[in-house]
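Novice: Need a 3D model of the following:
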Amino acid sequence: MVDRLLKDMGYEQPGSLPSEIVDWQSAEELHSRVKESLSILSDDERRVICLRFGLYDNPLTVAQIAARLQMTEQDVECFEGSALEKLRRFAPST
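Specialist: Numbering: from 1, shown residues only. Okay, the predicted model is just below:
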């Protein structure tokens with residue numbers, strides 16, 4: 001789950017991860033960094049990313065998220081795209 005999110009944030013392979021990510025000492029620190037990263041998103045973007053990547057449960061499809069949040073699939077894709085763009089900008093440079 002987190003691996004997929006990191007990849008979508010621009011970290012293509014484990015070898016390309018910045019040393020800050022490789023050096024994380026605990027799951028708590030990872031959780032803290034993910035939470036910090038998600039804090040820059042709007043509420044809708046954060047909900048879509050959490051559901052899409054399964055941060056609290058199993059990952060959902062675009063259609064499942066649209067039904068759950070009562071929005072169109074196009075809206076879900078738009079929120080996901082804008083969220084990932086923000087997260088890429090927020091991510092430390094490699």
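
Novice: helices or strands next to the longest helix anywhere in the chain in the packing?
Specialist: Secondary structure of the chain per DSSP state H: the longest helix is helix 73-90. Contacts defined by 3 or more C-beta pairs under 8 Å, 6 or more residues apart in numbering; DSSP states H and E place helix 73-90 against helix 2-8, helix 43-52, helix 62-69. Bear in mind the C-beta positions are built from the backbone N, C-alpha and C, glycine included.

Novice: Give me the contacts around that helix.
Specialist: Outside of helix 73-90, the residues within contact range by C-beta atoms under 8 Å, 6 or more residues apart in numbering are 5, 8-10, 37, 40-42, 44-49, 52, 62-63, 65-66, 69.

Novice: For that helix, could you pull out the residues that count as buried?
Specialist: Across helix 73-90, burial judged by 16 or more other C-beta atoms under 10 Å covers 75-76, 79-80, 83-84, 86-87.

Novice: Redo the helices and strands packed on helix 73-90 as TSV? Include mean pLDDT.
Specialist: Output for those, formatted as TSV (pLDDT from 0 to 100):
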stretch	mean pLDDT
helix 2-8	65
helix 43-52	96
helix 62-69	98
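
Novice: With respect to burial, which of those scores highest?
Specialist: Mean neighbour count, computed with mean count of other C-beta atoms under 10 Å, is highest for helix 43-52 among these, reaching a mean of 20.

Novice: CA-only coordinates of it in PDB, if you can.
Specialist: Extracted C-alpha coordinates of helix 43-52, given in PDB (Å, rounded to 0.1, in the frame of the first residue of the first chain):
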ATOM      1  CA  ASP A  43     -10.400  16.800   2.500                       C
ATOM      2  CA  ASP A  44     -11.700  15.300  -0.800                       C
ATOM      3  CA  GLU A  45      -8.200  14.600  -2.100                       C
ATOM      4  CA  ARG A  46      -7.200  13.000   1.200                       C
ATOM      5  CA  ARG A  47     -10.300  10.800   1.300                       C
ATOM      6  CA  VAL A  48      -9.700   9.700  -2.300                       C
ATOM      7  CA  ILE A  49      -6.000   8.900  -1.700                       C
ATOM      8  CA  CYS A  50      -6.700   7.000   1.500                       C
ATOM      9  CA  LEU A  51      -9.400   4.900  -0.100                       C
ATOM     10  CA  ARG A  52      -7.600   4.400  -3.400                       C
END
